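Colleague: Please find the sequence and the predicted model below.
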Amino acid sequence: MASKKNQRILPLKTPIPNFTAIESDMPVEFMHELALKEGNGKKPIYQIHKWWARRLGTCFRMLLLGATTSAKRKSVLFNGGFYKENKITNWVVLDPFLGGGTSLVESTKLGANFSVPGSGKTTVILTVYEKLRLEGKVNTLFIVGPPSCFGPWRHEFLKTFNRPPAYTILAGGEPEQRKSEYFNFSESRSELYLTSYQTLLNDQNEVNKFIKQKEISVFLVIDEAHYIKQIGGSWAGAVLSLAQNATYRCILTGTPFPKSYTDVFNIFDFLYLDKSPLDSEIKIKIENNEKIERGSNNIKEILSNKINPYFYRVRKSDLGLIPPLFHPPRVLKMNRYEQIVYDAINKKIKDYSRNDYLKNIDVVKRLCRGRMIRLRQTASYVKLMAESIAEYNEEYFEDGSELKEIIYKYDELESPAKLIHLVDLVTLFQKRKQKVVIWAHFIGSLKLIKKSLMDKGIYSELIYGNTPTESTSLKEEETREYIRDKFVCKDSGLDILVANPAACAESISLHENCFHAIYYDLSYNCAQYIQSLDRIHRVGGSENNQANYYFLQYANTIDQDIMENLNRKSERMFQVIDQEFAINSMDMFEEQLEDEVAAYQRLFKTQND
């Protein structure tokens, strides 16, 4: 280091020499040799790190050392000094070309990736983990997230490193047997651990003891971190309890502000503990501004000043993906019997709506929702009318009536016009040897579609489910992953996947070999719709292949209203998603009651006034 006489006087523990190595003559030949080894290394990690960081790690290190080493001592950089521990304290590095976020996590040991869905967040973190593992800084990757993320982490691990992970899933099963895994001290101990938020809550003490073990150096990742948004929530508390025991910590979420600007408080408390950039005073300011008109502008300024340096975000527009092609809806005429049922149900709903003013608002909302579901069912598969709906019991047909006879014997009378068109369209894709995912919302419709395809000799598999909860068996999740893996495999023979968004539209990627999606029916849930679009339009496939979307609709039905509603909302959502600080919920299981009530008002109230 240069003498004090030759140094600029700055409030830094590591002062800057008057004339640095980077200003003099950097050891370019030495850097070139290192860059060749890293850039052309056989391990996939190097290529991926080069892609995401836009700069090799060796170059980044040399630049930092060159900026803090005197020109007179530059020779130490390539005489062993490059590999030694170099402590640089109290520095803030301005790097306009930082790139994809890996350097941030490596340098701070902490990271928040708020990039949009489909931007490769998992790959970025795996890249950082592997680099740290090779440097001997970590040896265990511990993921906390919803069960639906378990398969994608294992899949991306294999794809990124070309080696299958030794993994343990700490969720479901017998509690005692599961908890014994935390204290497995054998050499065959797993490298990748995956647990759910609910299991973490149940096993909080065991997980903390596991992370504290001397033999383990954990990189702790909280995936889909919007699940810990609730201040004082039990899941959030369990996650926060782990923070102080993990040296490297990372947050992943595409929606850091799903409901409120306060949703980000737990995220930065987890990352920075008692040194969060959002201290108690700042939190109070944000809470107060949320209560006043136009306070959001003040909040955005606060957040911009306080947390901008601490997170990384890729927008959809940054990804360089080929814009998807939304084909014009295929508007079909209903077949005879489904038209009879649809007209009858539509008329019955109009009759019911005339007396709604006699009921209280909560009852009316439940009735509106039930009626809209009934109308959607008739536009999907008439026989669904025979099924009950929770908290809704209005009658649409009398025992022994012609309408009831049609509904219960519908399969003997005809096939839905949508189904006939769908089979023809899928047959065309089969001839072209193209994979396709078919989206539908009702379980009865999903099963009908699969059966009809199988009857035609078209091999397909089905994935469906309800809101994921801890009661969802791990076996069921593994079955979904098996089907998904088989579908994305180019030569597996499985080219048709039938699915509903509730089970298959979050954390699951289908984009590697599938570029076509058919929407048999739709709902008013825009978050599910956008998530389903993203399954085949993502980084790692959509740079070179265009995603295609096809929509089946019945003429003069609820189908047109749903499509128009989704188009309006999705356009707004896409604009919001690309903004830096915007409240935006992508909760696929959030109640869509208000949208359904508003649609009901459009379709029926105005007709009766």
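Modeller: Looks like it arrived, so ask away.
Colleague: which stretches of the stretch 1-150 of the chain form strands?
Modeller: For the stretch 1-150 of the chain, applying DSSP state E, counting those that start in this stretch gives strands covering 110-113, 140-144.
Colleague: in the chain, which spans are strands?
Modeller: Applying DSSP state E to the chain gives strands spanning 110-113, 140-144, 167-170, 192-195, 218-222, 248-252, 325-326, 330-332, 435-439, 460-463, 496-499, 514-519, 548-554.
Colleague: Helices along the stretch 101-250 of the chain, start to end?
Modeller: Along the stretch 101-250 of the chain, counting by DSSP state H, counting those that start in this stretch, helices occupy 102-108, 121-134, 150-161, 175-180, 197-202, 204-212, 234-242.
Colleague: what's the least confident stretch among those helices?
Modeller: For the helices of the stretch 101-250 of the chain, mean pLDDT drops lowest on helix 102-108, to a mean of 59.
Colleague: Could you list the low-confidence segments of the stretch 51-200 of the chain?
Modeller: In the predicted model, the stretch 51-200 of the chain carries pLDDT under 70 at residues 51-57, 78-79, 85, 87-109, 185-187.
Colleague: now with 50?
Modeller: Scanning the stretch 51-200 of the chain with the threshold set as pLDDT under 50 gives 51-53, 100.
Colleague: now the stretch 501-609 of the chain
Modeller: Applying pLDDT under 50 to the stretch 501-609 of the chain flags the ranges 589, 609.
Colleague: make it 90
Modeller: The model of the stretch 501-609 of the chain has pLDDT under 90 over residues 501-512, 525-528, 530-531, 534, 538-543, 568-609.
Colleague: Okay, helices next: where are they in it?
Modeller: 501-504, 526-534, 558-577, 593-600, 606-608.
Colleague: With mean neighbour count and distance to residue 443 added, can I get those helices in TSV?
Modeller: (Each C-beta comes from the backbone N, C-alpha and C, glycine too.) Compiled in TSV, those are given as follows (neighbours: other CB atoms under 10 Å; distance: least, CB to CB, whole Å):
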stretch	mean neighbour count	distance to residue 443
helix 501-504	23	10
helix 526-534	23	15
helix 558-577	16	19
helix 593-600	18	19
helix 606-608	9	31
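Colleague: Take the ones you listed and lay them out in CSV including distance to residue 127.
Modeller: CSV is the format used below for the helices of the stretch 501-609 of the chain (distance: least, CB to CB, whole Å):
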stretch, distance to residue 127
helix 501-504, 26
helix 526-534, 21
helix 558-577, 24
helix 593-600, 39
helix 606-608, 55
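Colleague: Ok, which of the ones you listed comes nearest residue 333?
Modeller: Nearest of the helices of the stretch 501-609 of the chain to residue 333, taken as CB to CB: helix 558-577 at 12.2 Å.
Colleague: can you list the residues that contact the closest one?
Modeller: Contacting residues not belonging to helix 558-577 are listed as 116, 254, 315-316, 329, 372, 375-376, 379, 521-524, 526-527, 529-530, 533, 551, 553, 582-584, 586, 595, 599, 602-603 [CB atoms under 8 Å, 6 or more residues apart in numbering].
Colleague: so residue 195 bridges to which residues?
Modeller: In this structure, residue 195 bridges to residue 144, residue 170 when assessed by DSSP bridges.
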